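Chemist: Kindly return the folded structure for what I paste below:
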Amino acid sequence: MRKLSLANLPTKIEKMVRWSAEKGVNIYIKRDDQTGSEWNGNKIRKLEFAIHEARDRGCDLLITCGGIQSNHCRATVAAATRLGMKAAVLLRIEEKPPVEGNYFLDLLMGADVRFCTRPEYSNSRTQIMEEMAQKYRKEGLKPYIIPEGASYPVGALGYFHCMKEIVQQEEQMGINFDTIVVATGSGGTHTGLTLANMLLGYGKRVVGMAVCDDNAYFQNVAMQITPGCLEYLVEQGEIGREQANEFAAKVKPSDFEYIDRYVGIGYAKSRPEELEHIRRIATLEGIVFDPVYTGKASYGLDCELRRGGAFEKSQNILFIHTGGIFGLFPVSRSFTFK
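Modeler: Numbers count the residues shown, from 1 in each chain. Prediction:
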């Protein structure tokens with residue numbers, strides 16, 4: 001397996017005892033928020049594979065992109081710095097941002113930061129990152145561009161292997177998780193989990209709770225990632241060529257399941273009820289979710305369980321905590337405390 005070893009793995013699985021009792025179903029949480037301090041969250045699993053490839057190619061600078069409070073950008077900067085590499089990030093902004101949260105950590109760890117507007121980010125981020133790369137090449141550096149969220153074939157390998165880790169933990173714990181729920185923002189984490197579930201025959205239901213965009217968007221992302229991911233899996237001996245070819249011929253968008261009812265007012269924008277849910281779970285369980293990903297995703301899970309919706313038949317649910325706690329501080333003033 002061609003990857004770096006940076007994250008604290010395996011991350012533990014705990015039962016959410018009081019939340020489970022409240023909802024009448026067993027809810028467990030996989031603590032990928034504990035993968036490390038500076039790079040806590042799900043991104044480091046992807047980056048272990050992505051940066052390995054970058055170093056294999058002799059690169060000494062990582063370029064990536066995200067929102068001003070991007071967990072992925074912060075994790076990339078942290079990993080690059082730890083490994084003696086340089087990092088540059090393209091951050092999407094609407095106005096000049098205060099130096100706080102993940103953006104503060106980007107600066108603290110020495111990232112070269114460039115800003116762009118929302119339209120520029122949506123329409124031209126790949127081109128802008130390539131322009132950045134050309135600039136660094138002229139300076140004698142060798143850049144490697146990591147797409148948003150490291151949601152591309154090599155990055156998705158991180159959560160292919162996370163699914164294998166979950167199954168090993170099931171055996172140790174004597175439990176079977178029939179449903180796995182994860183926040184979905186760029187698509188790579190859910191794609192990796194789903195591919196492992198299908199290719200290795202685990203027979204679970206893997207649900208991505210969208211925090212932006214919609215089902216069709218994420219299904220398209222998954223179908224784009226899948227062919228390249230299959231090639232990496234064959235190369236690394238995880239699956240055979242015949243299995244990869246057969247899977248590629250039959251896989252379809254509907255194999256990737258998402259719920260897009262809880263995007264709310266938009267990416268990285270929180271409604272009062274979502275923030276109240278974060279506060280309530282923190283008070284109930286002593287576990288803190290972030291407002292962009294896990295807060296919205298767990299709010300959606302809570303709503304579905306309350307109304308007997310999409311998880312009505314689930315008995316043992318595993319919610320993957322993808323980290324992001326640093327993104328909570330910039331919205332602290334939006335919380336209401338009695």
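
Chemist: In the stretch 1-150 of the chain, where is pLDDT below threshold?
Modeler: 1 (pLDDT under 70).

Chemist: any idea where the helices of it begin and end?
Modeler: All helices of the stretch 1-150 of the chain, identified by DSSP state H, counting those that start in this stretch, fall at 17-23, 43-56, 71-82, 101-108, 118-138.

Chemist: Over to the stretch 151-300 of the chain?
Modeler: 153-173, 188-199, 215-235, 241-250, 272-285, 294-306.

Chemist: So which of these is the most surrounded?
Modeler: Highest mean neighbour count of the helices of the stretch 151-300 of the chain: helix 188-199, a mean of 27 (counted as mean count of other CB atoms under 10 Å). To be clear about C-beta, it is placed using only N, CA and C from the backbone, and glycine gets the same treatment.

Chemist: Distance from the chain centre to that helix, please.
Modeler: Averaging C-alpha positions (CA atoms, centre = their mean, to the nearest Å) puts helix 188-199 12 Å from its chain's average.

Chemist: Spit out the contact partners of residue 81.
Modeler: Residue 81 sits next to 87, 109, 110 when contact means CB atoms under 8 Å, 6 or more residues apart in numbering.

Chemist: Buried among those? Make that a ChimeraX selection.
Modeler: For the buried members of those, the matching ChimeraX selection, counting by 16 or more other CB atoms under 10 Å, is:
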select :87,109
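
Chemist: follow-up on the earlier one: deepest of the helices of the stretch 1-150 of the chain, which one?
Modeler: In terms of average neighbour count - mean count of other CB under 10 Å - the standout among the helices of the stretch 1-150 of the chain is helix 71-82, at a mean of 27.

Chemist: returning to that earlier point: now the helices of the stretch 1-150 of the chain as a markdown table including distance to residue 290?
Modeler: Below are those laid out as a markdown table (distance: least, CB to CB, whole Å):
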| stretch | distance to residue 290 |
| --- | --- |
| helix 17-23 | 17 |
| helix 43-56 | 13 |
| helix 71-82 | 8 |
| helix 101-108 | 10 |
| helix 118-138 | 21 |
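
Chemist: Pairing partners for the nearest residue to residue 293 once chain neighbours are set aside in the sheet, please.
Modeler: Spatial nearest neighbour of residue 293, chain neighbours left out: residue 183 (3.9 Å); criterion: CB to CB, 6 or more residues apart in numbering. Note on residue 183: beta-bridge partners by DSSP bridges are residue 209.

Chemist: Residue 27 now?
Modeler: Beta-bridge partners, per DSSP bridges, of residue 27: residue 317.

Chemist: picking that back up, which residues does the residue nearest to residue 293 contact?
Modeler: Contacts of residue 183 by CB under 8 Å, 6+ apart are 189, 208, 209, 211, 293, 294, 296, 297, 320, 322.

Chemist: returning to that earlier point: just curious, which of the contacts of residue 81 is nearest to residue 30?
Modeler: residue 109 (26.4 Å; CB to CB).

Chemist: In this structure that closest one contacts residue 78, no?
Modeler: Yes: between residue 109 and residue 78 a contact is recorded at 5.9 Å, counting by CB atoms under 8 Å.

Chemist: So for these two, which residues contact both of them?
Modeler: residue 38.

Chemist: To residue 5, which of the helices of the stretch 1-150 of the chain lies closest?
Modeler: helix 43-56 (7.0 Å).

Chemist: which residues does the residue nearest to residue 39 when sequence neighbours are not counted contact?
Modeler: Spatial nearest neighbour of residue 39, excluding adjacent residues (CB to CB, 6+ apart): residue 75 at 4.0 Å. Residues near residue 75 by CB under 8 Å, 6+ apart: 38, 39, 40, 41, 43, 44, 47.
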